[in-house]
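Student: Fold the stuff below for me.
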Amino acid sequence: MPQSTEQTRVNHVRLHPLFHFFVAPVLLVLVAWNIVHVIRRPGTIAVVLLLVVSVLLVLAYLVRSYALKVQDRVIRLEEKLRLTSLLPERLQPRIKDLSESQLIALRFASDEELPPLFEKTLNEGLTSRQIKEAIVQWRPDNFRV
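Tutor: Model prediction:
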């Protein structure tokens, strides 16, 4: 879903309100409440409820992390294809030298600044944060999980 404001380095991190401000906090509160309940009134039902809520919390985390991992894999594939089309032939064999986080950070660089930033990343070992800070013309990624 596209964002209504223009994406920049400062605001590119995305929070999903339903997950970050409802599901996760509610599940954390329920786990805490059930722990207190098990301590105050131990019993089979209290323990089972704690286990159910704990499973739901872990499940919510796994669903979110799996979606992010798939997204990272797609980004890596897209960026490798993009680098292959934009880099001179002499640099193409070095695409494999990028770390996953470097490759993912480079997706925000415009086509014009990608080749020099790619070379600088490899030569200076830039971190993903340094790569993002070095980008002058931000290329938004509005379709992320």
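
Student: rest of the way, CA atoms for contacts and neighbours
Tutor: Will do.

Student: Give me the mean pLDDT for the helix of greatest length in the chain.
Tutor: In the chain, with assignment by DSSP state H, the single longest helix is helix 44-86. For helix 44-86, the per-residue pLDDT values average out at 95.

Student: same check, this time on stretch 23-40
Tutor: Computed over stretch 23-40, the mean pLDDT rounds to 96.

Student: List the contacts of that stretch.
Tutor: Around stretch 23-40, the neighbours that count as contacts under Cα atoms under 8 Å, 6 or more residues apart in numbering are 46-47, 49-50, 53-54, 56-57, 60.

Student: sorry, back to before: now for the longest helix of the chain, which elements pack on it?
Tutor: Using 3 or more Cα pairs under 8 Å, 6 or more residues apart in numbering; DSSP states H and E as the contact test, the elements touching helix 44-86 are helix 24-40, helix 100-105, helix 114-124.

Student: tell me the angle of that helix relative to helix 24-40?
Tutor: Relative orientation of helix 44-86 and helix 24-40, computed by axes from the mean of the first three to the mean of the last three Cα atoms, to 10 degrees: 150 degrees.

Student: Off-centre distance for helix 44-86?
Tutor: Centroid separation between helix 44-86 and its chain, computed with Cα atoms, centre = their mean, to the nearest Å, is 10 Å.

Student: next one: stretch 85-93
Tutor: For stretch 85-93, the separation from the chain centroid amounts to 27 Å (computed by Cα atoms, centre = their mean).

Student: And the contacts of it?
Tutor: With Cα under 8 Å, 6+ apart as the contact definition, stretch 85-93 has outside contacts at 83-84, 111, 114-115, 119.

Student: Okay, now it: how far is its last residue from its first?
Tutor: Across its full length, stretch 85-93 reaches 12 Å end to end, with Cα to Cα, to the nearest Å as the criterion.

Student: What separation is there between V13 and P140?
Tutor: Distance of V13 to P140, computed by Cα to Cα: 11 Å.

Student: Tell me which of these two has more neighbours.
Tutor: Between V13 and P140, counting by other Cα atoms under 10 Å, P140 is the more crowded of the two (17 against 10).

Student: That one: what secondary structure?
Tutor: The three-state label given to P140 by DSSP: H, G, I helix; E, B strand; the rest coil is coil.

Student: Go ahead and confirm it touches F108.
Tutor: Yes: assessed by Cα atoms under 8 Å, P140 is found in contact with F108 at 6.0 Å.
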